[in-house]
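**Q** following is a predicted model, sequence given first.
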Amino acid sequence: MVRRIPPGRATTYGHIAALCGKPRGARAVGWALHALPDGSDVPWHRVVNKSGGISISKVGLPPELQRALLEAEGVEFEPDGRVDLKRWGWTGTDA
DNA sequence: ACGGTGACGAGAT
DNA sequence: TATCTCGCCACCG
């Protein structure tokens, strides 16, 4: 699911879960990404929380990393350090 | 088998 | 509008 998120776009855990048929399984999505192997081809950095913010610091990962990865794809961050999902959000309806 | 925890989300205050 | 609380699914002790 995460793999089909186009570059330069971002989506939420809940949305991924919904696309998987588990609208309430957002937390499980997070767990899945946390369990990803290092060399994985999954663009986990394109997944943010519903607020467009980064929560990876909870597992010890540097939020700056995810931010850098997204910015490298052209995604712009709000002054509050969050992504505007209304603009960069990917719903799956738009490839 | 039980209870606690964590890359989350929605409803209530 | 900002915070808090409760509910979700899966994993660990």
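**A** In hand now; what should we look at?

**Q** so what does the residue of chain A most remote from its centre have for phi and psi?
**A** Most distant residue from the mean C-alpha position of chain A: A:Pro79, 18.4 Å away (C-alpha atoms, centre = their mean). Backbone torsions of A:Pro79, given as degrees, to the nearest 10, read phi -60, psi -30.

**Q** ok, now the one 10 residues further on?
**A** Main-chain torsions, A:Gly89, degrees, to the nearest 10: phi -60, psi 140.

**Q** contacting residues around A:Pro62?
**A** Contact partners of A:Pro62, counting by C-beta atoms under 8 Å, 6 or more residues apart in numbering, are A:Ile56. (C-beta placed from N, C-alpha, C; glycine too.)

**Q** just the pLDDT for it.
**A** Listed pLDDT for A:Pro62 reads 93.

**Q** what's the answer for A:Pro37, then?
**A** 92.

**Q** correct me if wrong, but it is in a helix.
**A** No: using DSSP: H, G, I helix; E, B strand; the rest coil, the assignment for A:Pro37 is coil, not a helix.

**Q** neighbours of it, just the number please.
**A** Look at A:Pro37: counted by other C-beta atoms under 10 Å, it has 7 neighbours.

**Q** and the gap between it and A:Phe77?
**A** To A:Phe77, A:Pro37 is 27 Å away according to C-beta to C-beta, to the nearest Å.

**Q** cool, A:Asp41 as well?
**A** Counting by C-beta to C-beta, the gap from A:Asp41 to A:Phe77 is 24 Å.

**Q** ok, these two, which is more surrounded?
**A** For A:Asp41 versus A:Phe77, the count of surrounding residues by other C-beta under 10 Å is larger for A:Phe77: 16 against 8.

**Q** if I read this right, that one contacts A:Leu69, doesn't it?
**A** No: counting by C-beta atoms under 8 Å, A:Phe77 sits too far from A:Leu69 to count as a contact (11.7 Å).

**Q** quick check: pLDDT value at A:Ala10.
**A** So A:Ala10 comes in at 96 (pLDDT).
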